[in-house]
Structure formats: C-alpha cells, structure tokens
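Enquirer: Give me a model of this one.
(2 chains)
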There are 2 protein chains.
Amino acid sequence: MKKENSLSIPMGDDGRLAADSPASALERWLAQKLYEYAGSPPLRLVLWSGDEVGADGNGDLRLHIRDRAAFYKLLADPALHFGDLYSIGRLEVEDDLVAFLEHVYTGVAETNEQNWLKRVHTLVRRDPRANTLTGSRANIHHHYDLGNRFYELWLDREMQYTCAYFPDPAMTLEQAQLAKMEHVCRKLRLKPGDRVVEAGCGWGGLARYMARAHGVTVRAYNISHEQVGYARERAKREGLDGRVEYVEDDYRNMGGEYDAFVSVGMLEHVGTAHYAELGEVIHRVLTPAGRGLIHSIGRNRPELMNSWIERRIFPGAYPPTLREMMGIFEPRAFSVLDVENLRLHYALTLKHWLERYERHAEQIARMYDEAFVRAWRLYLAGSMTAFTASSLQLFQVVFTRARNNELAWSRAHLYE
Amino acid sequence: MKKENSLSIPMGDDGRLAADSPASALERWLAQKLYEYAGSPPLRLVLWSGDEVGADGNGDLRLHIRDRAAFYKLLADPALHFGDLYSIGRLEVEDDLVAFLEHVYTGVAETNEQNWLKRVHTLVRRDPRANTLTGSRANIHHHYDLGNRFYELWLDREMQYTCAYFPDPAMTLEQAQLAKMEHVCRKLRLKPGDRVVEAGCGWGGLARYMARAHGVTVRAYNISHEQVGYARERAKREGLDGRVEYVEDDYRNMGGEYDAFVSVGMLEHVGTAHYAELGEVIHRVLTPAGRGLIHSIGRNRPELMNSWIERRIFPGAYPPTLREMMGIFEPRAFSVLDVENLRLHYALTLKHWLERYERHAEQIARMYDEAFVRAWRLYLAGSMTAFTASSLQLFQVVFTRARNNELAWSRAHLYE
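Expert: Residues are numbered from 1 along each chain as shown, chains lettered A, B, ... in the order given. I've put the predicted structure just below:
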C-alpha cells in the first residue's frame, strides 16, 4: 500500500484505482486545482475520503465526489463527465443545484483564460456531430422522439419547446408562449392570406397559431416523426388541417413560394457549415417582398456547446454568434432589419420548465429511470444558468431581400 | 485622320485624343458595353458626336458625354470618374438626377457579377485611406471642416449630419432629428445623473440633447476643430457647458468611467482594422451595467465605398456589414441586445437634405464654385439612391456587458 501523503495515485495491489482509500496529498492538491479552475466559488468540494477544499458562501453548497474514479473523470473532462457522474449519483450537489451551477458558471467565466486545466480541456474538446441529411435525422431523433408524453408533462399547452416571451416577467408560461408566437407573427408582419413556410416546426404550435390568429396558410417542415404525427393529429382536431400542412422532410428539400419564412429553434441543429445552404433555401422560396425570421440560441463569441449536453442531450447542437449567423444572410445579400436578444426570457422559460419538471419527477422516474430524471434536471438547470450567468444568448433576427422597400417605418406595431 | 468606322481610337495628328471627331464603330460598341454594364436601364447615353445608345423609359433620361476623353475616363473607372466629370460639367444628366441614379444603381446591382467590365473595375479598386491617428485627423478635416456655415444651410437646427428617425414619414426633418436623438436615449435607457461618453460628436447636438432632455452629463470626443468650436460655443449659449464637455481628441484616447457609450455616425470613419481597438476602448470606460449604442451606415455584404465618394467626399470611409461590426463586440464578449436597420430613414433624411441644399445652391456656388455645387448635389442624390435602390443600410446596435442582467423585459419603452 502507498503512503497516504505521497504524491502518487493510490492504487490497489491489482493495479486499479483504490476506490475508497484516503485521498493522497496529490489528490488533495488536484482537488484544490479543480476548485480554482471553477474560479474558487463559494462552495466546497467533498472528496470520498471526507477531505474538503473550498470556502463557505451564504449557503451550504457542497459537491460530493463519491469515489476516486469519479474524481479523475471530473479532472479529465469536467464539462463532459460532470453530467454523466451527476446523473448516476456519483456526484451529488448538496443544497441548491441552480445556485451551485450559477457559482460554477460565473467562476469559470471569470477565471483567467490561461488557466492550465482550461487549456488542456480546450485541446480535447471535439466538434459537434455533423448535420448531414442522415446525420440530422439521427441527431434529431435522439432528442425529439423521446416521447410526446414526456414533453407534455412540463411544456405549455401549445408544446413550445423554445424560448417564451415575457414582456411582463409575472406572466405565466402559457401566456408567455402565446406572447412569443404573437411577437414572431408581428415581426413577420403577417396578413390574412399570406403563405408561410416554417423550417423545424416542433409539435407544430406556431404553425397552428399563425393560421388561427393571422389567417395565413402554413407549410411546416420537421424531420422528427413523432412530432409530425402529433402536429398533424392536433391540427386536425382543431380544424386547421386545411390551412396547415406538416411535411416530414428536411428543410433543405423545401419547395414552393412564400410570403414569409420562419424558423424557431432549428438553427442550433443546422451547423455553421450549412448556413450558406440555408440562405440558398430561403432565397429559393421567398417572394420579392417576403420577410423572414430566425430565432436561435446564440453566443457572444464562438464557444462549443457544453460537451455533456452536446453528447448526451442535444447531439450536433451549436449555438452560433451573430457573426456566424450572418453566414446565412450575406451570400444572398439579405438585409437584416431587426435583431432582438431575449436572453433572460429563456432563463425565465427554463425556470418555469424546471418547476413543472420537478412536479413530475416521480412520474418521469417511473417512465424512464432515476438517472434520466437527474440528467434532465441537470440539463434544465444548467441551461437556465447558462442564460443568466454564462454566455448563452437568444437571438431573433428579422430579414428581407435587399431590394424590398415595403418596410415598416418603426417597430411600434410590435407593441400595440 | 482615321476612318470613322474603323475599330481604332480616333486621335489627332498630335497623338492626342481627337476631342470631337465622330465616334468610331469601336467607340459606339464600347458605349453599348458601358450601357450594358449599367444593367441596360431605361435611359440613353448621348455621345459627344450625337450618337446614342440605350432605350427610352417613362421619362427622357439622358446622360450626355460631352467629349471623347470623358468617355474613356468613364470606361476606365465609372464609379470614380462619373463624379469628377459630372462635377465639372463634362457629363450632364438631362431630366431627373435622382431617377437617373436609381436606374443605374438598380441596374448595376442586378447585372451579372461576371460582367467583364465589372471584374476589371474590381481589380483596380483600392482600399480606403488608413485611419491611423494622424490619418483620421486628415480624413476628418477634409470633410467636416468645410465650414460650419455650409452645413447650417441645409442641416436641421441641431446640426445632425446623420440619419434621422421618421416613425411617421410625414414628419419634418427637424422633428425627425429630435426623434432620432430621443430614440437613441431610450435605447440607452438614460436616467438623470448618468455619465455618458460620446465618440465622434459632430456639432454636439446629441450631447446637448441628452444633457437637456435626460439630465445626464456628457463627455463628447471629436477630432474636427471647427465642429468642437461650434459645439462648445453653442453649449455655452444654451447654458449646458457645466454638463456637456467637448474634447478635441481621438476616441482612442478616452478615459474615465461611464454608464453609457454612444457613437452616432463615426464608425464609418473607423476602419475595420480598428474595430477590436474600439471594443477595447469601450471595455475600458464602461461600467459593469453600462449600455452602449453604435449607429453606423452599413452593408448587407462587404463592398467598398463608391470610389468617388471615398476619394473626393469622405476619405477613409467604409460602411461595414453586421458581421464586420461584430469585430467590435466579440473580443470582449459584449452582448448585442438590439439591432435596428433604419435604411429607408436615411433615404428620407437625404431627400430632405437635398431639397434644402437645392434651395441654397446659388449661395453655395458663391461660397465655393459651380463644380462644388454639382459634386455635393451628386453626393447627396447618390447617397439617397444608394439607400433606396442599392446596398447601403443604417444599423443601430445596442449592447452591454455579457454579465449585465439589468435588462429591459421588452422594447416597448422605446414606443411609449
């Protein structure tokens, strides 16, 4: 057996990590470095041995690292392994998960970028999965075909799985999702009889809203089989099936001619390599005076998606910067008319989702298992925190063709 | 003497261009190519010899090319020489200058980009003059120190030489310039006591408006000596000299700490190579919850300034794309909150300026000369046309620091 205070990694006689022997001096030093990597936030890391590093804050925030192997995994790739280890309970957060994540996100953002651990981790990060036609189908299936029943438990009645709009933060989620859809329609200046095409329509709520509230016809594309089935069924039930058509196909196969193009929450799955192609699709289908709106999670500067979310929750996802988004518009010289950043609206949306989710946690555990419940809890809480304390943004970009002079003289009509 | 129909260039016995001999077949063919380069618009080119190419439109638009040398200059670099030759009367536009320019701008924009003449001209274009500290001073002096008296003749009372804001297009220019300043103040969410810094303040009208209407203190930078003199004098006269300080210095030498950063119509003179530096300046002076606004002419995709305007009117000017503007914000991860494109507002502003300018054309000819009057007429009419029929945009970009969560829940406050 190794001495407890040596600078080596304790291993058993079989050459494997000694699961629960006391932490060595090296391990306590590494724990301290891990803590500093997270920006020395007001919380404590508690090792399997009971050793602690860190500092008390207002609360009693503690991250319990239950075994030695979990500790080394966390060191090797915290962004990826935190999620996996948390999901299976080898990491536990004592007290408030959201507060814990806020401290860590804030701390990591503020740490010196030259931090050695950060540099190592940047090197081992990989690009997200490619979004070719078949890749997209696999990536989308992974997330959106989990079962409509699961999402019904915690989304609003219109099944909007995108940022809501809270002009008044006291609004309910139901109100804010309706407000979001109305805001999008006003930005597109829809009028009765307009033909609208939607790329990535989710469960079809926006398409139904546009048809019902603004008298337009909609052709909406989605490659998630389960979502399209749900959307068609519901449009039929609501008597909208003559005015809303759901097409189970990739947006790149879009045909026809439309007065408006809209895409809410699809761009995150497109991949910057395909932005010019998306611009070509829009160029192909938009009338000369047509308007377009793209609503997407974004960044202030290029950054990869958290690798755990990218691998386990949202394969192929990448939130672009505004600069990167211009790769859609510049090649065909589309004119960007309006960009609105709804960052805090997404944080509030996620707060509502998380509360609803927690109310159904037991039921979800019965549908899947406890690790699934914990993984999704972390994903929702982590996303919420990324919008308040880290770098996620939510951009709504309105555009039109360069030569279209039929423009509103102000944006006051959005607020009437 | 050469034969009239040969494919050669008619020259006199002295080896110089024969000024007024009949156009050769080659020249008529080149005139046809020049016409096609402009997208075959509904107007006629009339050569010095009386030969015409082109087609009639609704009106009687004609471009008279008064001599052979003017014709060859126009062929060699139409964007540059049109302005020079028009200014000195060797080119004349019969009927309506604005309508003529609209047809040509539209036509050029629509012509196939592979057009041989266009490709040749792209090769001979040069980059704008550099905006180093001394270069900026020379460039700005060229334009803004022409004499305050000149600008007073056709600008509004607040001497706003930037795009006005016409939420109602029937507004007067005076109203629309006040509306612009108010719109900027609301976007910055100014409150009494705020400290504001302005980069490139022109004749100081916005700084005075902010102090008077919103109770803030302003430090405003400008490197134009004449403008700063005017601004100081006027602030004193209006009893604002305790609250508005005009500094005759480059924005890069800014010091202090401010709740808001504003720059209206300066970015066009900054040059993309200096955008990151501008971002650093903002990073240095803005408080943690500070807001910023940059208002600039822009493009849908990268394009050089019209070379005549860049050389004769606005040395060093370059209107950036939104993508290029992100070079200011990304390095320090500023969060872009709002982008508004006021393209048609600038066209309307220019329409007002042109009308006022024409009312004082005789007076301006006495102050300078006829060529000056014609050059500025072309510049104003050409700019107006570029906003309606070509590719100029007007972007107002609002931003804040990434970690600032003191954000408005909607933009409704801009429209109350």
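Enquirer: Going by C-alpha atoms from here, please, whenever you check contacts or count neighbours.
Expert: Will do.
Enquirer: host element of A:Ser40?
Expert: A:Ser40 belongs to no helix or strand when assigned by DSSP states H and E.
Enquirer: And it, how far from B:Asp56?
Expert: 76 Å (C-alpha to C-alpha, to the nearest Å).
Enquirer: ditto for A:Leu178
Expert: In this view, A:Leu178 and B:Asp56 are 53 Å apart by C-alpha to C-alpha.
Enquirer: cool, A:Leu190 as well?
Expert: For A:Leu190, the distance to B:Asp56 - C-alpha to C-alpha - is 38 Å.
Enquirer: Please say which of the two ends up with more neighbours.
Expert: More crowded of A:Leu190 and B:Asp56, by other C-alpha atoms under 10 Å in any protein chain shown: A:Leu190, with 21 against 13.
Enquirer: Select the longest helix from chain A.
Expert: Longest helix in chain A, counting residues (DSSP state H): helix A:370-389.
Enquirer: can you tell me the average pLDDT over it?
Expert: In this model, helix A:370-389 has an average pLDDT of 93.
Enquirer: I'd like to know which elements it is packed against.
Expert: Under the contact criterion of 3 or more C-alpha pairs under 8 Å, 6 or more residues apart in numbering or on different chains; DSSP states H and E, helix A:370-389 touches helix A:78-87, helix A:97-110, helix A:343-359, helix A:361-367.
Enquirer: now the stretch 51-200 of chain A, which segments are flagged as low pLDDT?
Expert: A:112-145 (pLDDT under 70).
Enquirer: Quick check, the residue in the stretch 101-250 of chain A closest to chain B?
Expert: For the stretch 101-250 of chain A and chain B, the shortest gap (C-alpha to the nearest C-alpha) falls at A:Pro167, measuring 5.2 Å.
Enquirer: I'd like to know how far that residue sits from B:Phe399.
Expert: Between A:Pro167 and B:Phe399 the computed distance is 19 Å (C-alpha to C-alpha).
Enquirer: Look at these two and report which has more neighbours.
Expert: Per other C-alpha under 10 Å, whichever of A:Pro167 and B:Phe399 has more neighbours is B:Phe399, with 22 against 17.
Enquirer: Near chain B, which residues of chain A? Just list them.
Expert: Applying C-alpha under 8 Å from any C-alpha of the partner chain, we find that chain A lies next to chain B at A:166-169, A:300-301, A:322-324, A:326, A:329-331, A:333-342, A:344-345, A:388-391, A:393, A:402-403, A:405, A:409-410, A:412, A:415.
Enquirer: which among those residues end up buried?
Expert: A:166-167, A:300-301, A:322-324, A:326, A:329-331, A:333-342, A:344-345, A:388-391, A:393, A:402-403, A:409-410 (16 or more other C-alpha atoms under 10 Å in any protein chain shown).
Enquirer: Strands - which of those residues land there?
Expert: Among those, DSSP state E puts A:335-341, A:393 in strands.
Enquirer: Tell me the one of those residues nearest A:Thr106?
Expert: Nearest to A:Thr106 out of those is A:Gln393 (C-alpha to C-alpha; 15.2 Å).
Enquirer: That closest one contacts A:His295, doesn't it?
Expert: No. Applying C-alpha atoms under 8 Å, one finds A:Gln393 not in contact with A:His295, separated by 10.7 Å.
Enquirer: and A:Ala99, how many neighbours does it have?
Expert: By other C-alpha under 10 Å, 15 other residues sit near A:Ala99.
Enquirer: List the contacts of A:Pro320.
Expert: By C-alpha atoms under 8 Å, 6 or more residues apart in numbering or on different chains, the residues touching A:Pro320 are A:268, A:272, A:297-299, A:302.
Enquirer: hmm, try it at 6 Å
Expert: A:298-299 (C-alpha atoms under 6 Å, 6 or more residues apart in numbering or on different chains).
Enquirer: and it, how far is that from B:Lys73?
Expert: A:Pro320 is 46 Å from B:Lys73, by C-alpha to C-alpha.
Enquirer: Quick check: phi and psi at A:Val264.
Expert: For A:Val264, the backbone dihedrals (degrees, to the nearest 10) come out as phi -120, psi 110.
Enquirer: so what's it closest to, chain neighbours aside?
Expert: Spatial nearest neighbour of A:Val264, chain neighbours left out: A:His295 (4.6 Å); criterion: C-alpha to C-alpha, 6 or more residues apart in numbering or on different chains.
Enquirer: Is that neighbour bridged to anything, and to what?
Expert: Taking DSSP bridges as the rule, A:His295 bridges to A:Val264, A:Gln396.
Enquirer: can you pull the contacts of it?
Expert: By C-alpha under 6 Å, 6+ apart, the residues touching A:His295 are A:264-265, A:395-396.
Enquirer: Tell me the most packed of those, by neighbour count.
Expert: Busiest of the contacts of A:His295 [other C-alpha under 10 Å] is A:Phe395, holding 26 neighbours.
Enquirer: what residues are up against A:Cys412?
Expert: One thing to correct before we go on: residue A:412 is Ala, not Cys. Each residue near A:Ala412 by C-alpha under 6 Å, 6+ apart is listed here: B:Tyr415.
Enquirer: Which one of the helices and strands packed on helix A:370-389 lies nearest to B:Glu280?
Expert: Among these, the nearest to B:Glu280 by C-alpha to C-alpha is helix A:97-110 (17.4 Å).
Enquirer: Report the inter-axis angle for the closest one versus helix A:343-359.
Expert: 150 degrees (axes from the mean of the first three to the mean of the last three C-alpha atoms, to 10 degrees).
Enquirer: Quick one: list the elements packing against helix A:97-110.
Expert: helix A:370-389 (3 or more C-alpha pairs under 6 Å, 6 or more residues apart in numbering or on different chains; DSSP states H and E).
Enquirer: Cheers, nothing more for now.
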